[in-house]
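Student: When you get a sec, could you give me coordinates for this:
(chains A, B and C)
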Amino acid sequence: MVNGYIATSLQEALEIRASHDVVPYAGGTDLMVENRQGVEYLFLNKVSELKKITADDEYVRIGAAVTFTEALANANVPQLMKEAVSRIAAPAIRNAGTFGGNLGNGSAKADSVLIEFVSDAKLRLVSKKGERMVDVDKFYLGRKKLDLGSDELIAEVLLPKKGLEQYSYEKVGGRNALAISRVSFAGVFAAENGRITNAAAAFGAVADTVLRYKDIETTLIGKTIDEAKAMKEDYLKAYAERMVLTRGRVSAEYRKNVCMNLLRDFLTKFGI
Amino acid sequence: MNEIRFTLNGKEVAYAGSATDRLLDVLRNEYRCTSVKCGCKEGECGACSVLIDGTLLNSCCVAMGAVEGASVVTMEGFRETKRFAALDKAFGELSAVQCGFCIPGMVLAAEALLSRNPHPSEDEIREGLSGNLCRCTGYNAIVNAVNNAAKEGNGLW
Amino acid sequence: MEKISQSVVKKDHAPKVSGRSVYVADYPSDGVLCGKILHAKVARAKVLGVEVPELPEGYFYVDAKDVPGDNNVNIVLDDTPVYCRETVEYIGEPIAMLCGPDPKVVEQLRDACKVNYEELEPVLDLRTATEKFFDYNFGHGDVDKAFAEADKVYDEEFETGYQEQAYLETQGMMAEPEEGGRMFVHGSAQCAYYIHGAVMRALGCGPTGVHILQDVTGGGFGGKEAFPSILGCQVAVAAHKCKKPVRCVFDRREDMEYTSKRHPSLCHYKVAVKDGKVTAMDIDVKFNAGAYSTLSAVVLQRGIIACPGIYNVPNVRVHGWAVKTNTSPCGAYRGFGAPQTFFAVEMMMDHIARDLGVDSLAFKEAHLVKQGDSTSTCGKYHFPVPIPAMIEEVDKACDYRKKRAEYAKPQTGRYRRGIGMSMYFHGAGFTGSGERDLIKAVAKLRKYKDGTVEVLASNGEIGQGVRTTFPKIVAHELNLPLDKVYYNHPDTARVPDSGPTVASRSLMVVGELLRRAAIKLREQWVDGEEQEVEEHFKEPDFLIPFYIDKFEGDAYPTYAWSVNAIELEIDTYTGIAKVLGAYGSFDVGTPIDYNVVMGQMEGGFLQGIGYASIEKMDYDAKGRIRNNSFSDYLIPTTKDVPNLKCMLHVEKYPDGPYGAKGAGELPLVGAPGAYVEAVEQALGGVTLNHAPFTAEDTLAVITKEAI
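Tutor: Numbering: from 1, shown residues only, chains lettered A, B, ... in the order given. Below you'll find the model as predicted:
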């Protein structure tokens, strides 16, 4: 084949990846818009190992070549993720777009990646030499920069099975469909015996990477709702000070305003 | 060099060009499937929609290497079916076609929707067609036509 | 419903729905050269020279030096060059065209061309631009006296942005040299004869040296009124040089960035009010024409004639000017200058009403024009003004008055609602005496021996249905089945000049010519013979003559009328407005096919809502349009206004066929007024002065006003 390789197994894909300078191609929806010249693609849409959704005790494992449409039809995929991917673009894009591609494109606007950030997902990266697990936030080194070796492929996204039941998800796009996120927000909340155990908040499409401030989140952990309420304004202020946003299709001020409104609403929603 | 083999509107074909070529360009230039329209080349308008193994895709966002072994259906093939006849009639009765440029893609989006959901609600129709821009109609006539086709074409989907 | 209004399956339905229609990009490429334009990359500069890479055999570089005739495109004035002169005046201005068989190679060659510029300071900002292309003044009454005697004077400025036509098929033209030296130009277009005139001039040939065919056209909305004349000249010159067919089809980014759009505007209203009534308006309307004048004269004329709205204002002074900036030339877009001024006047009336403590609808009603009243240009509203009845229709459809009162009460919580209303007209047909003095439309019917009848006219099917409605009229008069009458895409080699496909004129003006021609043919009908009849435009005799130098007389013979209401809900956390319902009553006279007219109303109304809300286009500090793709310039999808309800109100026009008036443009015009008024209400009665009003704008107000 001219300018391309079709792999039919993960082994074959990794061999090609290691021995050729190829661009991994899963759904194509971003790559074909970029339309890079003089490249060779490694087609992954026939690699069955990458097309599975499985679940173990701890994780739902979504293969890198699973499309958003496939995920929406799968009972194992958490509702939070479904809500986010159901609002990606339109059916034809969801039919093509994949979890691995959303990650590999490296954009902070990637709607599935936001959910991976807020849920502390892990990524399984594989190469001929072996495999490694990386936390999703460590995978992003900067704008369009990924911790992915030239011989590696993203194999799976590991989403925690538990703890994603109570959430807040908001996508702010320019219109009701076919919309690229201008701001996206996901918050996950959990409490046990009246004490907060998780209050994760992630902000997409507002900076070079998805933003999350775990050190600020930590200040709520272990608190009762009433204690959290008392420190709410300081908590929000800490975010406001930390969040330095960039402009894009909308201004940095707009993004900041929306982020703060949605964060406040997230807290309010869970009684804080 | 291996060619890329796939089925186009039921016929086996082999493409000898680059695996990075856009399906849209290949369909239009190599196979003269000019019902597949180029509206943006960015997956943002749906004018180039085709069915690949029954799934709706923007052919501008598909590289040729990805269609190896697949079945590609464009309006050139779909227009020979009974389902098309039902959609054709419904679109015609409501004058849902104005400039026509979005229509082949729109009809294929309707087919993709109905084949998955034969009795869609209005909201589901609007969702199913949400990736297909039309600048002429305001969409009401198109949405109503798909609704009518679903009702009158009972059993076809 | 009258028989003529009953819907039929459109004549162009079958080929379009099945994908068989051939648009200009769909012709085979065999033997056809691909043309790609070398666009200027700076907003204003002297072009010192172009370093062209070595061209392989069969590849060509075409520029102004290759124009055999005149390097000026015939539009209204002739300042638009076919290919640039010594300077470039906006980013995107065509410098040259690269032509050759392989599109990829052509693109590489084009990108390898190095243009040496001597950069000059561009003028970009509409506010500070002062070079006038056009400058008009008119008015009536004693404005100064009214202001001196006023109880209160209101002074506000309104701003509107670009709007891109966003037809799904981009611009594209093709030129083919024919044997005998004639040039055949065809493509996506609205006005075959405009292109004919322009190409003749560029090639320096007579009327028979060129012919133009309108191909199946994937939407126009005004965007293919003048622009195809420019592109048509460019491909014709290229084909003349290359001696081969040349086709140039724009890609989406090229189209969005460099082709004509709706004029951004700045309208300044000074209004005198005495005893609760508007006594005078002193209005300044400034349009951003862009780098060349193209259609700005006529767009501005329509805009300023409409600027006092549909209200009786005894004293009016209007100044309108279109200024040059170093940006893409603006041109025709559905509504043609009127959406800008109707937005301003509707907001102005709303703001005055609120200040006076009266409801804006009641205030507007108290000022409405009626039959027999004088127009802004001292013409006359000759026919009934159905607005009061249409207000009731809209009120009934959406419970307007009740919701308006309810949403006016203080609201709390994340989501807030508002509803707004606008009312307006669209003058039917050309402004002033254009039909009589410039267009002089001719239409023909040719009957063949087999009894079929062909319509011969130059109005292009662009989705609005003329391939169906013209034959419907003729078949109706001849009492023939519709399949016996047909109308093909116009080719100037075989159809008379019945005028351009613009100004909502085709059906009203040319449709009436065809109706009269059909009556004539009916009277002369002889079976088995080939016969031809012809009709010429005659101005209705009731008209008060219009003088464009004074802006005096009947600017339009009649008007299409509309009332719109838009109800929305604002998310105060994000600024996003969800349109809960959009309701419109439209009077375009008798619909010549109900579905066709409804399709125009719904499509136009949605475009108007886009213009009011999400369709934002801007340029950067260098003058480059930033929103140049469908992901950066957003138009409504199926999911944005699911509850779009249009109604027809029929006030017949005796000089239009069966009572039909102009239709296509009307439904776009009023949406911004209704939309922004609804946003104002949802935000607790703030005063807003621009459109589009985006989510970002809304959130800025919420933050500023601590709503």
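
Student: going forward, measure contacts between C-alpha atoms and count neighbours the same way
Tutor: Noted.

Student: Show the contacting residues for whichever residue of the stretch 1-150 of chain C sits closest to chain A.
Tutor: Among all residues of the stretch 1-150 of chain C, C:Lys104 sits closest to chain A, at 11.2 Å; criterion: CA to the nearest CA. Not one residue lies near C:Lys104 by CA atoms under 8 Å, 6 or more residues apart in numbering or on different chains.

Student: give me the element it is part of.
Tutor: helix C:103-112 (DSSP states H and E).

Student: Could you tell me the model confidence score at the residue in the stretch 351-500 of chain C that chain B sits nearest to?
Tutor: Closest residue of the stretch 351-500 of chain C to chain B, CA to the nearest CA: C:Gly463 (3.8 Å). Looking at C:Gly463, its pLDDT is 98.

Student: ok, now B:Met1?
Tutor: The confidence metric pLDDT takes the value 49 at B:Met1.

Student: same check, this time on A:Met231
Tutor: 97.

Student: Tally up the residues packed near it, please.
Tutor: Residues near A:Met231, counting by other CA atoms under 10 Å in any protein chain shown, number 16.

Student: circling back: distance check, the residue of the stretch 1-150 of chain C closest to chain A against chain B.
Tutor: From C:Lys104 over to chain B the distance is 12 Å, taken as CA to the nearest CA, to the nearest Å.

Student: Same question for C:Ser629.
Tutor: 8 Å.

Student: Now that residue: closest residue in space, sequence neighbours ignored.
Tutor: In this structure, C:Ser629 finds its nearest non-sequential neighbour in C:Arg253, 5.4 Å apart by CA to CA, 6 or more residues apart in numbering or on different chains.

Student: Just give me the neighbour total for the one you found.
Tutor: 17.

Student: swap in the one 10 residues further on?
Tutor: C:His263 is surrounded by 28 other residues when neighbours are defined as other CA under 10 Å.

Student: Same check on C:Lys16?
Tutor: 21.

Student: The one 4 residues further on too?
Tutor: Other residues lying near C:Arg20 total 17 when counted by other CA under 10 Å.

Student: Show the contacting residues for it.
Tutor: Residues near C:Arg20 by CA under 8 Å, 6+ apart: B:34-35.

Student: So for it, what pLDDT did the model give?
Tutor: With respect to pLDDT, C:Arg20 has a value of 98.

Student: is it true that it lies in a strand?
Tutor: No: counting by DSSP: H, G, I helix; E, B strand; the rest coil, C:Arg20 is not found in a strand; it is coil.

Student: Please pull out the lowest mean pLDDT helix or strand from chain C.
Tutor: Using mean pLDDT, DSSP states H and E, the weakest-scoring helix or strand in chain C turns out to be helix C:434, at a mean of 90.

Student: Which residues of chain B lie near chain A?
Tutor: Within chain B, the positions near chain A by CA under 8 Å from any CA of the partner chain are B:1-4, B:16-20, B:22, B:41-44, B:46, B:49, B:55-58, B:60-63, B:65-66, B:127-131.

Student: What remains of those if I keep only buried residues?
Tutor: B:3-4, B:17-20, B:22, B:41-44, B:46, B:49, B:55-58, B:60-63, B:65-66, B:127-131 (16 or more other CA atoms under 10 Å in any protein chain shown).

Student: On the three-state scheme, the residue nearest the centre of chain B is what?
Tutor: Central residue of chain B (CA atoms, centre = their mean): B:Leu108, 3.0 Å from the mean position. Here B:Leu108 is helix, with the state taken from three-state DSSP.

Student: So it sits against B:Met75, correct?
Tutor: Yes: using CA atoms under 8 Å, B:Leu108 is in contact with B:Met75, at 7.3 Å.

Student: which neighbours do those two share?
Tutor: In contact with both B:Leu108 and B:Met75: B:Val50, using CA under 8 Å, 6+ apart.

Student: quick one, strands of the stretch 51-200 of chain A?
Tutor: Assigned by DSSP state E, counting those that start in this stretch, the stretch 51-200 of chain A shows strands spanning A:53-55, A:59-63, A:122-127, A:130-135, A:140-142, A:145-146, A:153-160, A:166-172, A:183-192, A:195-204.

Student: Turn these into CSV, columns for distance to C:Gln531 and mean neighbour count.
Tutor: CSV is the format used below for the strands of the stretch 51-200 of chain A (distance: least, CA to CA, whole Å; neighbours: other CA atoms under 10 Å in any protein chain shown):
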stretch, distance to C:Gln531, mean neighbour count
strand A:53-55, 73, 17
strand A:59-63, 72, 23
strand A:122-127, 78, 22
strand A:130-135, 82, 14
strand A:140-142, 76, 17
strand A:145-146, 74, 15
strand A:153-160, 74, 24
strand A:166-172, 63, 19
strand A:183-192, 66, 22
strand A:195-204, 70, 23
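
Student: So which of those strands is nearest C:Thr160?
Tutor: Distance to C:Thr160, taken as CA to CA, is lowest for strand A:166-172 among these, at 24.1 Å.

Student: avg pLDDT for stretch C:250-268?
Tutor: The average pLDDT for stretch C:250-268 rounds to 98.

Student: Just the buried residues of that stretch, please?
Tutor: Buried residues in stretch C:250-268 (16+ other CA under 10 Å): C:250-268.

Student: got the residues of the stretch 51-200 of chain A near chain C?
Tutor: Going by CA under 8 Å from any CA, the residues of the stretch 51-200 of chain A near chain C are A:172, A:174-180.

Student: Also near chain B: which of the residues you listed, exactly?
Tutor: Residues of these in contact with chain B (CA under 8 Å from any CA): A:177-178.

Student: what residues does stretch A:192-200 touch?
Tutor: A:118-119, A:187-191, A:212, A:214, A:217, A:220-225.

Student: Filter the residues of chain B next to chain A down to just the ones in helices.
Tutor: Within the residues of chain B next to chain A, residues falling in helices by DSSP state H are B:127-128.

Student: Partner strands of the lowest-mean-pLDDT helix or strand in chain A, with direction?
Tutor: Among the helices and strands of chain A, strand A:140-142 carries the lowest confidence by mean pLDDT, DSSP H and E, at a mean of 92. According to DSSP bridges, strand A:140-142 has the following sheet partners: strand A:145-146 (antiparallel).

Student: So C:Gln163 sits against C:Asp618, correct?
Tutor: No: C:Gln163 lies out of contact with C:Asp618 (CA under 8 Å); the separation is 9.8 Å.

Student: Of the two, which one has the most company?
Tutor: Neighbour comparison, C:Gln163 and C:Asp618: the larger count goes to C:Gln163, with 25 against 15 (by other CA under 10 Å).

Student: What values do phi and psi take at the nearest residue to the more buried one once chain neighbours are set aside?
Tutor: Sequence neighbours aside, C:Arg262 is the residue nearest to C:Gln163 in space, at 4.9 Å (criterion: CA to CA, 6+ apart). As for C:Arg262, its main-chain torsions (degrees, to the nearest 10) stand at phi -70, psi 140.
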